[in-house]
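Enquirer: below is the sequence, then the predicted model.
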Amino acid sequence: MMALLALPAFAGPQGELQKYFSDTADKVKATDDPSEKRALLNGSFQRMAAALEMVQGSAALSQQDRLGIEHFRTALQEKQDELAGVNGFARVPDQRLNAFSDYVVQDMEQAEMITISLLALVLIVIILVLVF
């Protein structure tokens, strides 16, 4: 019974993080200017990275949460590197930015849930909402 009660609570922060990436993808697709698309994606990556860094410094997190957040940050940095075409990645072509934003949504939704606890997810959402 406790597991069933925990599911709706878990869907809350997870849903908010999914919404964060989906909203960014929607904004990217709503503009025609490739420079603006890149700026939207890059800004989204930077805000999420800053939130993850803040949460990772919290004393309330377990070592497993810290490792999960670090894994998530690494995946996020790889997407940012791919967008910019640095650190061994080919730059995402202008005509592929919409598809790249969808790819980021799908990939980050899967990556974030692997090892991050409910507490860490709640902290990330709070920081994204209050700070950014």
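Expert: On my side now, so go ahead.

Enquirer: now do the buried residues in whichever strand or helix holds Phe72.
Expert: Phe72 is located in helix 63-84, with elements delineated by DSSP states H and E. Neighbour-count burial for helix 63-84 flags 65-66, 68-69, 72, 75-76, 79-80, 82-83 (criterion: 16 or more other Cβ atoms under 10 Å). Backbone N, C-alpha and C define where each C-beta goes, glycine included.

Enquirer: how far off helix 63-84 does the strand or helix carrying Leu97 point, in degrees?
Expert: For Leu97, the host element (DSSP H and E) is helix 97-112. Computed by axes from the mean of the first three to the mean of the last three Cα atoms, to 10 degrees, the angle separating helix 97-112 from helix 63-84 equals 170 degrees.

Enquirer: quick one: list the elements packing against helix 97-112.
Expert: helix 2-30, helix 34-56, helix 63-84 (3 or more Cβ pairs under 8 Å, 6 or more residues apart in numbering; DSSP states H and E).

Enquirer: for Ile124, find the nearest of those.
Expert: helix 34-56 (5.2 Å; Cβ to Cβ).

Enquirer: closest to Glu16 among the buried residues of helix 63-84?
Expert: Phe72 (14.6 Å).

Enquirer: could you measure from that closest one over to Arg66?
Expert: Using Cβ to Cβ, to the nearest Å, Phe72 is found at 11 Å from Arg66.

Enquirer: could you save the buried residues of helix 63-84 as TSV and add columns showing distance to Glu16 and pLDDT?
Expert: Output for these, formatted as TSV (distance: Cβ to Cβ, whole Å; pLDDT from 0 to 100):
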residue	distance to Glu16	pLDDT
Asp65	17	81
Arg66	21	84
Gly68	17	82
Ile69	16	83
Phe72	15	84
Ala75	18	88
Leu76	16	89
Lys79	19	94
Gln80	21	96
Glu82	24	96
Leu83	23	97
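
Enquirer: of those, which is the nearest to Leu52?
Expert: Distances from Leu52 to the buried residues of helix 63-84, taken by Cβ to Cβ, are shortest for Ile69, at 5.4 Å.

Enquirer: quick one: contacts for the closest one?
Expert: Residues in contact with Ile69, defined by Cβ atoms under 8 Å, 6 or more residues apart in numbering, are 52, 55-56, 61, 116, 120.
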